[in-house]
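> here's my sequence, what's the structure:
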Amino acid sequence: MRCPFCHFVETDVVDTRKLYEGEVIRRRRRCRACGRRFTTYERIESVSLMVVKKDGTREPYDREKIARGVRTACYRRPVSAAAIEQLVNDVETAIMNTDEHEISSQAIGDAVMQRLRDLDEVAYIRFASVYRAFTDIGKLREAVDELLDREGVRNGHLSPKPAEDSWV
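Next up, the predicted model:
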């Protein structure tokens, strides 16, 4: 493994740990030339999965695109990096468990939205606004109403009590 600091090609592994139930291996390394330490991660590469986009084009599956979208949606929200990584792992596991060689970008987006809804409501709305390409405020309101209905806020559980007339 090449050192990211001095680009020397020989490094020593200082520590190895399994993460996310063995799906990822984290290695701490030390460069033999400059002595600086850095971390690498290993995961199984999915080589044959193709994503079919809305316009019909196909591209190789890229885990980082999902992670980037989720990180953007969670920007400045109280969501830990570990929670984001777990969400991406869960989505990837669900995708890989389909045993298909192609998957639609819509199926991936739906899987992300389902998990984001449970993780952080604001991040969910942010992701949905890009993923569903809201063209007007009405579409955004529908997404918020759907979220509120799911939470029971509009079903009387948490809705505000109607004002009573005090003069009667």
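> helices along the chain, start to end?
63-73, 81-96, 105-119, 121-131, 137-151 (DSSP state H).
> can you tell me which of those helices has the worst average pLDDT?
Lowest mean pLDDT of the helices of the chain: helix 137-151, a mean of 75.
> circling back: redo the helices of the chain as TSV? Include distance to R29 and mean neighbour count.
For the C-beta atoms, the positions are set from N, CA and C on the backbone; glycine is no exception. As requested, the helices of the chain are arranged in TSV below (distance: least, C-beta to C-beta, whole Å; neighbours: other C-beta atoms under 10 Å):
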stretch	distance to R29	mean neighbour count
helix 63-73	21	17
helix 81-96	20	17
helix 105-119	32	17
helix 121-131	33	18
helix 137-151	44	13
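> redo the ones you listed as CSV? Include distance to T11.
CSV is the format used below for the helices of the chain (distance: least, C-beta to C-beta, whole Å):
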stretch, distance to T11
helix 63-73, 23
helix 81-96, 24
helix 105-119, 35
helix 121-131, 36
helix 137-151, 47
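> so how far is R2 from the nearest residue to T39 once chain neighbours are set aside?
Spatial nearest neighbour of T39, chain neighbours left out: R28 (5.7 Å); criterion: C-beta to C-beta, 6 or more residues apart in numbering. Distance of R28 to R2, computed by C-beta to C-beta, to the nearest Å: 16 Å.
> also T39?
T39 is 14 Å from R2, by C-beta to C-beta.
> L147 now?
On the measure of C-beta to C-beta, L147 and R2 end up 46 Å apart.
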